[in-house]
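Engineer: Below are the sequence and a predicted model for it; my questions follow.
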Amino acid sequence: MKLFKTISAALIIMAATTQVQAQSALQDILSGGVLKVGTTGDWNPMTIKDPATNAYKGYDIDIMTELAKDLGVKVEFVATDWKTLVNGVVSGNYHMTGSASISPSRMKVAGFSESYIAVQIMPFTTADKLAKFNGWDSINKPGVKVAATLGTTFEKHVKNWFPNSEIKAIEAPALQHQEVLSGRSDVFVTSNIEGATLMKKFPNIKPIPVKAARAPSPIAMLLPQGDQVWINYVNNWIKIKTARGFFIKTGAKWGL
């Protein structure tokens with residue numbers, strides 16, 4: 001009787017394991033031959049979409065292309081935006097996303113890979129308005145217009161940090177820095193990574209002097225929350241690539 005119960009328990013565990021593996025995105029990727037990655041195409045230098053060709057380039061793109069190569073499959077980049085980025089993973093529109101800030105709200109419904117890079121947030125304005133600002137508190141005043149892309153962590157941060165300012169939520173594909181460059185808004189916040197890239201491209205964008213950056217945040221890939229098989233694969237892949245210097249080399253290529 002004990003032997004029967006032991007065998008039965010083992011069969012149940014094996015059946016459950018087989019079912020989890022069958023439901024995993026990893027099996028779908030390997031059987032279909034395609035890794036589907038959700039990306040916004042508007043976070044320079046992480047993911048940049050060329051409107052003329054609809055092709056993508058950037059740090060994220062190189063990472064996902066390498067992941068697909070190691071999986072032995074093709075990579076397909078699925079266009080998305082920040083407000084629907086998480087929903088795309090949850091609904092199965094793609095197997096994973098490119099880089100995204102790890103946040104408690106996202107963690108409620110989606111899984112994350114291990115982090116491989118971190119960012120912190122800085123405020124920016126244009127050269128003609130730079131003299132108006134000196135520190136974070138100088139932004140939090142009536143009459144100051146702060147632009148933030150809808151659905152991003154930046155939108156949440158500026159609403160919390162600047163309750164006295166006028167917050168202008170910008171709908172993608174419009175970009176928050178374009179809103180400031182046009183003069184329709186005064187300030188935007190973004191990561192130190194994107195900020196450095198934007199200042200090279202647009203000399204009129206200037207950093208607002210602050211004592212310290214805010215909201216240091218680890219960056220990772222969004223994955224289906226309950227798919228531990230797929231999460232384990234991606235995490236171990238990150239460990240291997242980190243040990244071999246892949247992330248450092250790719251970061252150097254894109255100025256990170």
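Structural biologist: Looks like it arrived, so ask away.
Engineer: And for stretch 196-211, what's in contact with it?
Structural biologist: Under the contact criterion Cβ atoms under 8 Å, 6 or more residues apart in numbering, stretch 196-211 has outside partners 44-45, 122-127, 130, 133-136, 138-139, 177, 180-181, 187, 190, 195, 255. All C-beta atoms are positioned from the backbone trio N, CA, C, and that covers glycine.
Engineer: what's the span of that stretch, first residue to last?
Structural biologist: End-to-end distance of stretch 196-211 (Cα to Cα, to the nearest Å): 18 Å.
Engineer: and the closest residue in space to V144 that isn't next to it in sequence, what pLDDT?
Structural biologist: Leaving aside its chain neighbours, V144 sits nearest to S165 (4.5 Å; criterion: Cβ to Cβ, 6 or more residues apart in numbering). Note for S165: predicted pLDDT of 98.
Engineer: OK, contacts around S165?
Structural biologist: S165 neighbours (Cβ under 8 Å, 6+ apart): I139, N140, K141, P142, V144, K145, V146, V158, V187.
Engineer: Which pair of those spans the longest distance?
Structural biologist: Pairwise distances across the contacts of S165 peak at 14.8 Å for P142 and V158 (criterion: Cβ to Cβ).
Engineer: Helices of the stretch 151-256 of the chain, start to end?
Structural biologist: Along the stretch 151-256 of the chain, the stretches classed as helices by DSSP state H, counting those that start in this stretch are 153-161, 176-181, 192-201, 228-243, 246-253.
Engineer: Please disregard the earlier target; I meant the stretch 1-150 of the chain.
Structural biologist: Secondary structure of the stretch 1-150 of the chain (DSSP H, counting those that start in this stretch): helices at 2-23, 25-32, 59-71, 85-90, 104-107.
Engineer: Can you spell out the domain ranges of the chain, please?
Structural biologist: Split into domains by automatic domain parsing, the chain comes to 2-117+218-253, 119-216.
Engineer: higher neighbour count, P142 and V158?
Structural biologist: For P142 versus V158, neighbours defined as other Cβ atoms under 10 Å are more numerous around V158 (26 against 7).
Engineer: Look up the pLDDT of that one for me, please.
Structural biologist: On the pLDDT scale, V158 is placed at 96.
Engineer: just checking, it touches V189?
Structural biologist: Yes. The criterion here is Cβ atoms under 8 Å, and V158 meets it with V189 at 6.0 Å.
Engineer: which residues do the two both contact?
Structural biologist: By Cβ under 8 Å, 6+ apart, the residues touching both V158 and V189 are V146, A148.
Engineer: before we move on, the earlier item: nearest to S31, of the helices of the stretch 151-256 of the chain?
Structural biologist: helix 228-243 (13.3 Å).
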